[in-house]
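J.: Attaching a predicted model along with its sequence, questions to come.
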Amino acid sequence: MQVLQPALETGAAFQLSPGLQSKLELLGSEMKTSSGEILFHQGTDCRGVYVVRSGAARIFMVDDKGRMVTCRDVGPGCILGLPATLCVQPYMFTAETKLDCTLKFISAEEFQEFLRVNPALCMEVLQLMSSELTAVNRRRTELSQCTQSACNLRGTCASTGSC
């Protein structure tokens, strides 16, 4: 499988505030993983979210040509699987640990119930989703400008711009 590496955005994706992190500590179960373990696969049914407590993980997707596109490296305080959990849809990405990790797994049902009874924290999660959507739209605009110009990265941008 060909691996494409666009410029990575590190850590900022779905970074939880310390307050929200502490509230989520009361939920779910702790798990420890080794480097290289898959947390979830692109296209599989969503089971819930993973909060990175220590270590690092990578989210990536495989495009329609079978190429792996690295989207982000994330570290402590980041939450993985949030869009799929909120939208009750399959995971859009694959998440793999880059280092040994300690994670908090929270089932989709438990996480959604938590948001229903904590409206202020629900708003914070919505702000996280809004920030991510803004970043995706910014990258989409940059990709559009790149493909319309004589940019020497057009081939790379065209195949990696969807993350």
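T.: Thanks, I have it. Residues are numbered from 1 along each chain as shown.
J.: For the residue positioned nearest the centre of the chain, name its beta-bridge partners.
T.: The centre of the chain sits closest to residue 80, judged by C-alpha atoms, centre = their mean, with a distance of 4.6 Å. Bridge pairing for residue 80 (DSSP bridges) gives the partners residue 50.
J.: Surely it and residue 49 touch.
T.: Yes: A contact is recorded between residue 80 and residue 49 when judged using C-beta atoms under 8 Å, the distance being 6.5 Å. C-beta here means a position set from N, CA and C on the backbone, and glycine is covered the same way.
J.: so where do the helices sit in the protein?
T.: Listed from the start of the chain, the chain has helices (DSSP state H) covering 18-24, 82-87, 108-117, 119-148, 154-160.
J.: State the mean pLDDT of the second one.
T.: Averaged over helix 82-87, pLDDT sits at 91.
J.: Can you list the buried residues in that helix?
T.: 82-86 (16 or more other C-beta atoms under 10 Å).
J.: Tell me the span between the first and last residue of stretch 26-38.
T.: Using C-alpha to C-alpha, to the nearest Å, the span of stretch 26-38 from its first residue to its last is 24 Å.
J.: Touching it from outside, list them.
T.: The contact list for stretch 26-38, computed with C-beta atoms under 8 Å, 6 or more residues apart in numbering, reads 39, 48, 51, 53, 55, 94-107, 110-111, 114.
J.: Recalculate using a threshold of 6 Å.
T.: Residues from elsewhere that reach stretch 26-38 (C-beta atoms under 6 Å, 6 or more residues apart in numbering): 96-97, 99-106, 110, 114.
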